[in-house]
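S.K.: Need coordinates for the following:
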Amino acid sequence: MPRPLVYFLYNVLLPAILILGLPSFLIKGIRRGGLSRNFLQRLGFFSNKTFSTFKGKKPIWIHAVSVGEVFLALKLIEALRTTKPGRLIVLSTTTTTGYRVAAEKESNTLTVIHNPVDLPWIASSVLNKIDPCALVLIEAEIWPNLIGLAKRRGLPVLLANARLSTRSERRYKKFRGLIQPIFSLLDGVSVPFDEDVARWTSLGIPAERVVVTGSIKFDHSVSAASDEKLREELTNWLTDTKMPATRRILLGASTHSGEELLLATATRALQGEFPELRLVLVPRHAERGKEVTAVLRDAGFDPILRVGAAKTDSTAGKAPNERVWIANTTGELRSWFHHAEIVVIGKSFHVTGGQNPVEPILAGRPVIVGPNMENFTDVVGELLRVGGIRQLDGQEALGESIRTLLLAPSEGLAMAASGAAAMARHAGSALRNSRWIDSKFET
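M.R.: Down below sits the predicted model:
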């Protein structure tokens, strides 16, 4: 389909989509908090203070949609500064939770903003104000108007760490006629795996524009150490909330609805044999904390929230092993891995897609995932080949799988070590991406 027609259809449909999606956006914003903060930035308006940080300075503009992509972008930014420490970067993010995480790293060389709505007059206004030297989009974050307007200005537009699941590839191919005219505007795409090259070229990107750099997400050579201060803070919270000193922690990471009760029930069944076993849950969406609390309390557990817990101690009349710790926070998951003995990855039992299984493996922890890891097919396949992860066919096997790892901790550590060795090829990916970005324009 001709590119002008694609843009015409997109700009006719986008306002309707935005209006229909507005209620959901507002509800999510209210639940997650921070909706009103800098809201006008989404419409292209900046305060004088924000505008002065990048006015006339030709920054690199990097866009990351939410928390996971923000962490990845921050790794890339750190690597970019190794070659030019004083370079200015504008980091935009779509979600309020992503903004909160990014804003913690704001400095005199990093400005954090909310991503503007992709309406042509708004995108044009923001491009004029930021006046970047390059636009770098993280993973598969494609905004047609922003990309098209950037290309008209002669800016290099790059897609970094472009992860494309098999499911997303199938969906894109159904609309290849609409997608190819936009994707072909990209000046370069960096991908984590060799298998990704064919996926992106099948969507209309010339093969010479695609480069394999490994995954920034799995690159712990940059910011590899967990925040020691935060780890100490988590330890203090556990102690203050009656976590026993002899604990063996099972961590439910990035859990979704239904998985919290599944893990709590499995933990309860194992505590007769392993009385020191305790469960910590980190829901994928922090605002679900109260919902998870209600579900567990109705099932007879004694849940406690990391944020917003009742000031009165709810342990009265409860057995110590009925307590479940719920970390309803954003940006702490990587530090929680260092407190766990075993990690179970969410969105893999009751929901499809899965979540990132690599970070706990790189932290030296054995990882269990359910059958639904469609978004990480390549990674899980690589880890299974070397015995670096345990994938279950269903939730019925969860309790026994946890039990075998509790009985033989050394086997779990060996499993994690095998997985970490397989992921070692991703080390240095952030630096490789930064050099690739530098090669696309004059710095």
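S.K.: Quick check: phi and psi at the closest residue to residue 243 other than its chain neighbours.
M.R.: Once flanking residues are discounted, residue 243 sits nearest to residue 278: 6.2 Å by CB to CB, 6 or more residues apart in numbering. For every residue, glycine as well, the C-beta is placed using N, CA and C. Backbone torsions for residue 278, taken as degrees, to the nearest 10, come to phi -140, psi 150.
S.K.: residues contacting residue 306?
M.R.: The contact partners of residue 306, by CB atoms under 8 Å, 6 or more residues apart in numbering, come to 237, 289, 325, 326, 327, 328, 329.
S.K.: Of those residues - the most surrounded one?
M.R.: residue 326 (27 neighbours; other CB atoms under 10 Å).
S.K.: Can you name every helix or strand that the one helix or strand residue 268 maps to contacts?
M.R.: Following DSSP states H and E, the helix or strand that holds residue 268 is helix 259-270. Helix 259-270 sits against strand 248-255, strand 277-283, helix 289-298, strand 323-326, helix 398-407, with contacts defined as 3 or more CB pairs under 8 Å, 6 or more residues apart in numbering; DSSP states H and E.
S.K.: just checking, what packs against the last one?
M.R.: Same thing as helix 398-407. Going by 3+ CB pairs under 8 Å, 6+ apart, helix 398-407 lies up against helix 259-270, strand 342-345, strand 367-369, helix 409-423.
S.K.: From residue 216, how far off is the spatially most central residue of the chain?
M.R.: In the chain, the centroid-proximal residue (CA atoms, centre = their mean) is residue 68; its distance is 1.8 Å. For residue 68, the distance to residue 216 (CB to CB, to the nearest Å) stands at 11 Å.
S.K.: go on, residue 43?
M.R.: From residue 43 to residue 216 the distance is 30 Å (CB to CB).
S.K.: quick one, which of the two is more surrounded?
M.R.: Remark: of residue 43 and residue 216, residue 216 carries more neighbours, 30 against 14, as counted by other CB under 10 Å.
S.K.: Could you list the buried residues of the worst-scoring helix or strand of the chain on mean pLDDT?
M.R.: Scoring the helices and strands of the chain by mean pLDDT, DSSP states H and E places helix 166-174 at the bottom, with a mean of 78. Residues of helix 166-174 classed as buried by neighbour count (16 or more other CB atoms under 10 Å): residue 172.
S.K.: As PDB, could you dump the C-alpha coordinates of the helix or strand that it is followed by?
M.R.: Heading C-terminal from helix 166-174, the first helix or strand you meet, by DSSP H and E, is helix 176-183. In PDB, the C-alpha atoms belonging to helix 176-183 read as follows (Å, rounded to 0.1, in the frame of the first residue of the first chain):
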ATOM      1  CA  ARG A 176       2.100  -6.200   6.200                       C
ATOM      2  CA  GLY A 177       0.700  -3.900   3.600                       C
ATOM      3  CA  LEU A 178       0.000  -1.300   6.300                       C
ATOM      4  CA  ILE A 179       3.200  -1.900   8.300                       C
ATOM      5  CA  GLN A 180       5.900  -2.200   5.600                       C
ATOM      6  CA  PRO A 181       5.700   1.500   4.400                       C
ATOM      7  CA  ILE A 182       6.300   2.600   8.000                       C
ATOM      8  CA  PHE A 183       9.000   0.100   8.900                       C
END
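S.K.: Report the rounded mean pLDDT for helix 176-183.
M.R.: Over the span of helix 176-183, the pLDDT mean works out to 88.
S.K.: And stretch 253-270, by the same measure?
M.R.: For stretch 253-270, mean pLDDT is 97.
S.K.: Equivalent analysis for stretch 227-246, please.
M.R.: On average, stretch 227-246 scores 92.
S.K.: And it, what's buried?
M.R.: In terms of neighbour count (16+ other CB under 10 Å), stretch 227-246 has its buried residues at 230, 231, 234, 238, 243.
S.K.: Next: stretch 146-156.
M.R.: Buried-residue list, stretch 146-156, by 16+ other CB under 10 Å: 146, 147, 148, 149, 150, 155, 156.
S.K.: Out of those, which sit inside helices?
M.R.: 146, 147, 148, 149, 150 (DSSP state H).
S.K.: from those, which is closest to residue 202?
M.R.: The shortest approach to residue 202 among these belongs to residue 147, at 19.3 Å (CB to CB).
S.K.: so what does the helix ranked longest in the chain touch, helix or strand wise?
M.R.: The residue-count maximum for a helix in the chain (DSSP H) belongs to helix 3-32. Here helix 3-32 is seen to pack against helix 96-103, helix 144-152, helix 176-183 when contacts are counted using 3+ CB pairs under 8 Å, 6+ apart.
S.K.: Which helix or which strand is home to residue 330?
M.R.: Applying DSSP H and E, one finds residue 330 in no helix or strand.
S.K.: returning to that earlier point: please identify which pair of the contacts of residue 306 lies farthest apart.
M.R.: Within the contacts of residue 306, 237 and 289 form the most distant pair, 14.0 Å apart (CB to CB).
S.K.: residues near residue 337, how many?
M.R.: 21.
S.K.: In contact with it, which residues are there?
M.R.: Residue 337 makes contact with 226, 251, 253, 343, 359, 360, 363, 365, according to CB under 8 Å, 6+ apart.
S.K.: please redo it, this time with the cut-off set to 6 Å
M.R.: Each residue near residue 337 by CB atoms under 6 Å, 6 or more residues apart in numbering is listed here: 360, 363, 365.
S.K.: Can you tell me how far it is from residue 403?
M.R.: For residue 337, the distance to residue 403 - CB to CB - is 21 Å.
S.K.: what's next to the helix or strand where residue 239 lies, contact-wise?
M.R.: Taking DSSP H and E as the criterion, residue 239 maps to helix 228-240. The contact list for helix 228-240 (CB under 6 Å, 6+ apart) reads 335, 338.
S.K.: go with 10 Å
M.R.: With CB atoms under 10 Å, 6 or more residues apart in numbering as the test, helix 228-240 has contacts from 225-227, 243-245, 247, 249, 278, 280, 304, 306, 309, 325, 327, 329, 331-332, 334-339.
S.K.: Specify the angle between that helix and strand 277-283 in degrees.
M.R.: Relative orientation of helix 228-240 versus strand 277-283 (axes from the mean of the first three to the mean of the last three CA atoms, to 10 degrees): 130 degrees.
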